[in-house]
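Chemist: Next come a sequence and a model predicted from it.
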Amino acid sequence: MNKLKVVHYINQFYAGIGGEDKADYMPELREGAIGPGTAFAAGYGEQAEITHTIVCGDSYFNEHTEEAVKTILAIIHLCKPDLFLAGPAFNAGRYGVACATICDAVRQVYDIPVLTGMYKENPGADMYKDMLLITATGGSAASMREAIAKMIPLSLKLARGDAIGASAEEGYLPNGVRVNFFEKERGSKRAVDMLLKKMAGKDFETEYPMPDYDRVPPNPAVIDLSKAKIALVTSGGIVPKGNPDHIESSSASKYGEYSIEGLRGLSADTHETAHGGYDPLYANQDANRVLPVDIMREFEAQGLIGKLHNTYYATVGNGTAVKSAKAYAAEFSQKLRADGVEAVILTST
Amino acid sequence: MPVVHICTVTPISMTVGANRIVPAVAIPHPLGNPALPPEEEKQVRRKILTTALEALSTEVELQTIFPVK
């Protein structure tokens, strides 16, 4: 078998050019393997050869992405590799974004197999993990050896067009694509083994990871409530009677934005719940039980709060994907901010 | 802007990462209690919301549950 030709992309730091002070370094072509490339070359042995290395500063790439991609694609056109490698970038944000961006461009323009590696929380992973295979690495260069050991077999498979197994087998970041395979042990045995490991305080790997919920630092408190505009938001599915936007009773695909201007409270005549995950009787009788407009109006009249925002936002939090919920909130939070809202009361059922 | 999460199953609220949490009455009626006469039920709602306002005007560094008095 012919030796595969590999082109490797690295940043100014791994090329030994310099740190932040050299991050403006423009793309440059070097012969052979440099820095981490030498470890790849050693691992590939007779199977593949790093013929060229492209070095580019992280700031240059991210501030002049279009030019950088254009220059690098022109280099690739000349080198005609069988495989394009980038990184690994670990948790270096700009480097990770550069590696993923250039891999995606090379893949799209030349249909050449590409592989990069980075830490799962690298922003580059978030942006590209559904489009590219990205080897999951540790957070720092201390895990270089381990990262390269995973990238070598996977990159060879990609270059040769071999079948790629599941993320758990090949070590890439889960990209949402299901790959079927038969486990060696039956489910009951695996479950008991996992339980025994857990009880013994040993490491175990779940077969069904829960979603990763992010953490945000708490926002500062409201200084003067009596001057603040406060908004109501609910995942309890409170909608105007008749559910005008047809928000689904489960796995909601949207949120609603509704006016409560002039309303002293909600009633069975005006509002109801669209939520299919709890007994709707109580909310349908009196929706203030979920979205407390009546008491908030009272607080407003008493001057305890400056103003109740006249628009409320609602969705159905019943089997709704975390990703969707996050997207809805990201969108209506901008509207709340634009409307001068200073605090939110979020109710859930 | 600060957010206070009023919900009944506070461990879920902790898991998903809410920073200011106020416990509620029950899943289908977090801010009400149909077993009570209307005025008393409103009083329950008033207390929960008073606690929610306190939560919004209190600085927190970690996830905090504000019990309803």
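Modeler: In hand now; what should we look at? Residues are numbered from 1 along each chain as shown, chains lettered A, B, ... in the order given.
Chemist: Double-check residue A:99 against residue A:125; I have them as touching.
Modeler: No: using CB atoms under 8 Å, residue A:99 is not in contact with residue A:125, being 9.8 Å away. Where you see a C-beta, it was placed from the backbone N, CA and C, and this is true even at glycine.
Chemist: Look at residue 27 and say how many residues are nearby.
Modeler: Here I'm looking at chain A. 21 (other CB atoms under 10 Å in any protein chain shown).
Chemist: think we crossed wires, I meant chain B
Modeler: Residue B:27 is flanked by 16 other residues according to other CB under 10 Å.
Chemist: residues contacting it?
Modeler: Applying CB atoms under 8 Å, 6 or more residues apart in numbering or on different chains to residue B:27 gives the contacts A:278, A:349, B:8-9.
Chemist: That one - that's part of a strand, no?
Modeler: No: read with DSSP: H, G, I helix; E, B strand; the rest coil, residue B:27 is coil and lies in no strand.
Chemist: if we can go back for a sec, quick check: neighbours shared by residue A:99 and residue A:125?
Modeler: Contact criterion CB under 8 Å, 6+ apart; residues shared by residue A:99 and residue A:125: residue A:118.
Chemist: Show me which of the two is the more surrounded one.
Modeler: Using other CB under 10 Å, the more surrounded residue of residue A:99 and residue A:125 is residue A:99, with 32 against 24.
Chemist: mind listing what's buried in the helix or strand encompassing the more buried one?
Modeler: Residue A:99 belongs to helix A:93-110 when elements are defined using DSSP states H and E. By neighbour count on 16 or more other CB atoms under 10 Å in any protein chain shown, the buried set for helix A:93-110 is A:93-107.
Chemist: before we move on, what about stretch A:67-81?
Modeler: Under the neighbour-count criterion of 16+ other CB under 10 Å, stretch A:67-81 has A:68-69, A:71-72, A:75-76, A:79, A:81 buried.
Chemist: can you map out the strands along chain B?
Modeler: Ranges of strands in chain B, per DSSP state E, are B:3-7, B:20-23, B:64-65.
Chemist: Nearest residue to the residue of the stretch 101-250 of chain A found nearest chain B in space, please, no chain neighbours.
Modeler: Residue nearest to chain B within the stretch 101-250 of chain A: residue A:218 (3.8 Å; CB to the nearest CB). Nearest residue to residue A:218, sequence neighbours excluded (CB to CB, 6 or more residues apart in numbering or on different chains): residue B:19, at 3.8 Å.
Chemist: How about residue A:61?
Modeler: The shortest distance from residue A:61 to any non-neighbouring residue, by CB to CB, 6+ apart, is to residue A:98 (4.0 Å).
Chemist: tell me which of the contacts of residue B:27 is nearest to residue A:327?
Modeler: Among the contacts of residue B:27, residue A:349 lies closest to residue A:327 (CB to CB), at 20.7 Å.
Chemist: any idea how far chain A is from the residue most central in space within chain B?
Modeler: For chain B, residue B:22 is the residue whose C-alpha lies nearest the centre (CA atoms, centre = their mean; 2.7 Å). Residue B:22 sits 9 Å away from chain A, going by CB to the nearest CB, to the nearest Å.
Chemist: Tell me if I'm right that that residue and residue B:50 touch.
Modeler: No: in this structure, residue B:22 is not within contact of residue B:50 by CB under 8 Å, at 9.7 Å.
Chemist: ok, whichever residue of chain A sits closest to chain B - how many residues close by?
Modeler: Proximity of chain A to chain B (CB to the nearest CB) peaks at residue A:289, 3.1 Å away. Counted with other CB under 10 Å, the neighbours of residue A:289 add up to 30.
Chemist: Now do the contacts for the nearest residue to it once chain neighbours are set aside.
Modeler: Among residues not flanking residue A:289 along the chain, residue B:32 sits closest, at 3.1 Å (CB to CB, 6+ apart). With contact taken as CB under 8 Å, 6+ apart, residue B:32 is in contact with A:282, A:286, A:288-290, B:25, B:41, B:44-45.
Chemist: Model confidence for residue B:32, exactly?
Modeler: Note on residue B:32: pLDDT of 97.
Chemist: Next: residue A:88.
Modeler: pLDDT, residue A:88: 98.
Chemist: Wait, it touches residue A:117, no?
Modeler: Yes: look at residue A:88 against residue A:117 with CB under 8 Å: they come within range, at 3.3 Å.
Chemist: so what's in contact with these two at the same time?
Modeler: In contact with both residue A:88 and residue A:117: A:135, A:137, A:147, A:151, using CB under 8 Å, 6+ apart.
Chemist: So which of those residues sit within helices?
Modeler: Residues of the shared contacts of residue A:88 and residue A:117 located in helices (DSSP state H): A:147, A:151.
Chemist: Reformat the shared contacts of residue A:88 and residue A:117 as TSV; add neighbour count, distance to chain B and pLDDT.
Modeler: Compiled in TSV, these are given as follows (neighbours: other CB atoms under 10 Å in any protein chain shown; distance: CB to the nearest CB, whole Å; pLDDT from 0 to 100):
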residue	neighbour count	distance to chain B	pLDDT
A:135	24	28	97
A:137	29	26	97
A:147	25	29	97
A:151	27	33	98
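Chemist: Relative to residue A:253, which of the shared contacts of residue A:88 and residue A:117 is nearest.
Modeler: When these are compared against residue A:253 (criterion: CB to CB), the nearest one is residue A:135, at 33.7 Å.
Chemist: residues contacting residue 44?
Modeler: No chain specified, so I'll use chain A. Contact analysis of residue A:44 by CB under 8 Å, 6+ apart lists A:4, A:6, A:50, A:152, A:156.
Chemist: um, chain B though
Modeler: By CB under 8 Å, 6+ apart, residue B:44 lies in contact with B:25, B:31-33, B:36.
Chemist: List buried members of those residues by neighbour count.
Modeler: The neighbour-count test (16+ other CB under 10 Å) marks B:25, B:31-33 as buried among the contacts of residue B:44.
Chemist: ok, so of those residues, who is nearest residue A:232?
Modeler: Looking across those and measuring by CB to CB, the closest to residue A:232 is residue B:31, at 10.6 Å.
Chemist: quick one: that closest one and residue B:48 touch, right?
Modeler: Yes: here residue B:31 lies in contact with residue B:48, judged by CB under 8 Å, at a distance of 5.6 Å.
Chemist: what's the overlap in contacts for the two?
Modeler: With CB under 8 Å, 6+ apart, residue B:31 and residue B:48 have common neighbours A:292, B:6, B:24-25.
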